[in-house]
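>>> fold the stuff below for me.
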Amino acid sequence: MDLINASSPEFLAQFDQLFKRFDYHEYSEESMSKPEWKNLVKAGVLLPIIPKKHGGRENNEEIYLLLEKAAYYNLGLAMYLNTAILLFTRSIIGHGTEKLKEEVIADLLTHGSCGGFAVIEPETGTGISLIQTYFEEVTAGYKITGKKHWQCFSESADWWLIVAKDKRMGSAGDKFDLFVHKSASGGFKTQQRYATVGLKLIDFGLNEIEVTVPEYARLQMNSATVSDLLNLVISGAWGQWASLSAGFLKRIQEESLSFTAQRRTATGTLKDLGYVKYRLGMIASAHHICRAIFNYLMQHINLGDTGTNDMFVVQSAKLLAADYMFDAAVHYQALCGGDGYRYQPEGNISAYAMQDARAFAILGVANDILYELLAKDFLNQQVSQKEKSFYTMIQGFGHTSKASVYLESNRHLLEKIPINNTELVFAGKILARLFGITAIEHSAATLSAAERSAAIAFSLSEITNILTALSFAADIAIE
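Predicted structure coming up:
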């Protein structure tokens, strides 16, 4: 196949068999090997993000569809691709010097190399601003020292994208620079391989860094703030959690329907029971919402562009995808009963699916933190509306205005503008779900009337539960 000029259907079709190799029924306990990754690169898995002038396909839609397809077979595979394609390769293309781009892209495509992303550290608690990996200028370029952990491909990455602070600013510094290091040059040492609960395809661990990189290996980002880092580097990967959830939840819905239709009871099958139908409906609604968000992003956000002008959308996509993948996996496991509580059963993939899905509420900034950030960003955009109520702000915001009509009966509970951490987290949960309704309305033509109605009812029931939880939060919280 001519990988550069093949049609999208032809190009994407080959990955069905390639990705199926990693299906949960076949591949669930090992990290991806170098030869397996090279096979995917040889098939062109990186080409959609790479510009045509560098020998790529430069095709936005194909990135979305590749990740969706991968997640259908194995959520760890999709996260692997998300990191290699968007966190690493996209960052090089968007912010690297020409010399760096030529060197890295040539190595990725010619030798099947893979890049990892190193930002989180073991001794700095919660918050990117607290990192203690430092760089200093030296004759050969930049010397970088520190520790990183939970980065993808701890043992196997051929290249590293490293986030570091200027040593002259010390720990109080709040600006960051990003540097690219080739693993073969040494100095990026794995101290410990983590035995993770899920996402077994990815090797996570603890690494010690003492490297020197050439001057051209510093990304052209002019000392980024935390907001810049999230927007310019991480936002593309966040948004693609919608692709991951669209593929994963399609699989979970199919598996749940198949299992319950075949599972016998005294009066028929499991699927005949009313509460089972309710669980299946919640899985289906989660799938429809995430697919609607997936379609919305694919139409409105070009991954070839650096950063995004709409962090609200990508944050909401990340949050809902993480919540709904895990919730659906729990429902699926409950439906599978005891058979879903063990690895390698013949009739389901429940244990693997739940263990993988649970990771997404803590990876890529924990959801509890991101919900607060989502609410804060929303309120900052409404700075001229401070005299109005929270509900009025929702009514006037483009991504929630149409959905606000469904909250009319609860508007008295949404008058107060959220201020403290607890209120902001709950507000973020509500805002994300309102965007989910907006996405459903936007994708109405792709859903039946019953599916659309069920998805909206599902979102509103969640919002009602959130409002109830908020009303009791102060009574429950400990001092």
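
>>> please make it C-alpha for all contacts and neighbour counts, starting now.
Noted.

>>> so which residues of the stretch 301-450 of the chain form helices?
Ranges of helices in the stretch 301-450 of the chain, per DSSP state H, counting those that start in this stretch, are 311-336, 350-357, 367-381, 390-396, 421-442, 449-476.

>>> do you know which of those lies nearest Ile105?
With Cα to Cα as the criterion, Ile105 lies closest to helix 311-336 of those, at 26.5 Å.

>>> quick one: low-confidence residue ranges for the stretch 201-350 of the chain.
Under the criterion of pLDDT under 70, none of the stretch 201-350 of the chain is flagged as low confidence.

>>> redo that, cut-off 80
Counting by pLDDT under 80, the ranges of the stretch 201-350 of the chain that qualify are 222, 307.

>>> would you map the strands across it?
Along the stretch 201-350 of the chain, counting by DSSP state E, counting those that start in this stretch, strands occupy 205-213, 264-265, 268-269.

>>> the helices of the stretch 301-450 of the chain: which one's closest to Tyr296?
helix 421-442 (6.5 Å).

>>> what residues are up against Ala84?
By Cα atoms under 8 Å, 6 or more residues apart in numbering, the residues touching Ala84 are Cys114, Gly115, Gly116.

>>> now do the SS call for the last one.
In other words, Gly116. strand (DSSP: H, G, I helix; E, B strand; the rest coil).

>>> what about it, distance to Asn410?
46 Å (Cα to Cα, to the nearest Å).

>>> settle it for me: which of the two has more neighbours?
Remark: of Gly116 and Asn410, Gly116 carries more neighbours, 26 against 13, as counted by other Cα atoms under 10 Å.

>>> surely that one meets Trp159?
Yes - assessed by Cα atoms under 8 Å, Gly116 is found in contact with Trp159 at 6.2 Å.

>>> ok so, going back, now tabulate the contacts of Ala84 in JSON lines and tack on pLDDT and distance to Phe248.
Output for the contacts of Ala84, formatted as JSON lines (pLDDT from 0 to 100; distance: Cα to Cα, whole Å):
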{"residue": "Cys114", "pLDDT": "97", "distance to Phe248": "24"}
{"residue": "Gly115", "pLDDT": "98", "distance to Phe248": "24"}
{"residue": "Gly116", "pLDDT": "97", "distance to Phe248": "23"}
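
>>> need those residues in TSV with distance to Ile209, can you?
Shown next, in TSV, are the contacts of Ala84 (distance: Cα to Cα, whole Å):
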residue	distance to Ile209
Cys114	18
Gly115	16
Gly116	14
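
>>> for stretch 55-73, which outside residues touch it?
Contacts of stretch 55-73 (Cα under 8 Å, 6+ apart): 4-5, 8, 12, 15-16, 19-20, 22-24, 45-52, 77-79, 81-82, 240, 243-251, 294, 298, 302-304.

>>> tell me the buried residues in it?
Buried positions in stretch 55-73, judged by neighbour count with 16 or more other Cα atoms under 10 Å: 56-73.

>>> just stretch 138-148 next, same as before
Neighbour-count burial for stretch 138-148 [16+ other Cα under 10 Å]: Gly141, Tyr142, Lys143, Ile144, Thr145, Gly146, Lys147, Lys148.

>>> show me the contacts for the last one.
It refers to Lys148. Ala118, Val119, Ile120, Glu121, Pro122, Leu206, Asn207, Glu208, Ile209.

>>> which strand or helix spans Glu121?
In the assignment (DSSP states H and E), Glu121 maps to no helix and no strand.

>>> what about it, how many neighbours?
22.

>>> dihedrals phi and psi, it?
The phi/psi pair for Glu121 (degrees, to the nearest 10) reads phi -130, psi 150.

>>> okay, it and Ala164: tell me how far apart.
According to Cα to Cα, Glu121 and Ala164 sit 11 Å apart.

>>> what is in contact with the two at once?
Joint contacts of Glu121 and Ala164 (Cα under 8 Å, 6+ apart) are Ile131, Gln132.

>>> thinking again about what came up before, among the contacts of stretch 55-73, the buried ones, what's the ChimeraX command?
Buried residues within the contacts of stretch 55-73, by 16+ other Cα under 10 Å, are selected in ChimeraX with:
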select :12,15,19,20,22,23,24,45,46,47,48,49,50,77,78,79,81,82,240,243,244,245,246,247,248,249,250,251,294,298,302,303,304
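
>>> restricted to helices, list the contacts of stretch 55-73.
8, 12, 15-16, 19-20, 77-79, 81-82, 243-251, 294, 298 (DSSP state H).

>>> and stretch 106-118, how far out from the chain middle?
21 Å (Cα atoms, centre = their mean, to the nearest Å).

>>> stretch 230-247 too?
That offset, for stretch 230-247, works out to 5 Å (Cα atoms, centre = their mean).

>>> what sits up against that stretch?
For stretch 230-247, the surrounding residues in contact (Cα under 8 Å, 6+ apart) are 64-65, 67-72, 75, 78-79, 82-83, 86-87, 91, 287, 290-291, 293-294, 297, 303, 306-308, 311, 313-315, 317-318, 321-322, 324-325, 364.

>>> go on, stretch 444-451?
So stretch 444-451 is contacted by Ser285, His288, Arg452 (Cα under 8 Å, 6+ apart).

>>> and with 10 Å instead?
The set of residues external to stretch 444-451 that reach it, using Cα atoms under 10 Å, 6 or more residues apart in numbering, is 281, 284-285, 288-289, 291-292, 438, 440-441, 452-455, 457.

>>> kindly report the same for stretch 392-408.
312-313, 378-379, 381-383, 385-387, 389, 391, 411, 413-415, 417, 430-441, 456-457, 460, 463-464.

>>> 7 Å instead?
Gln382, Leu434, Phe435, Ile437, Thr438 (Cα atoms under 7 Å, 6 or more residues apart in numbering).

>>> ok, those residues vs Met32, which is closest?
Proximity of the contacts of stretch 392-408 to Met32 (Cα to Cα) peaks at Phe435, which lies at 35.3 Å.

>>> and the helices of the stretch 301-450 of the chain: which comes nearest Glu36?
So among those, helix 350-357 is nearest, using Cα to Cα, at 20.2 Å.

>>> right, I'll leave it there.
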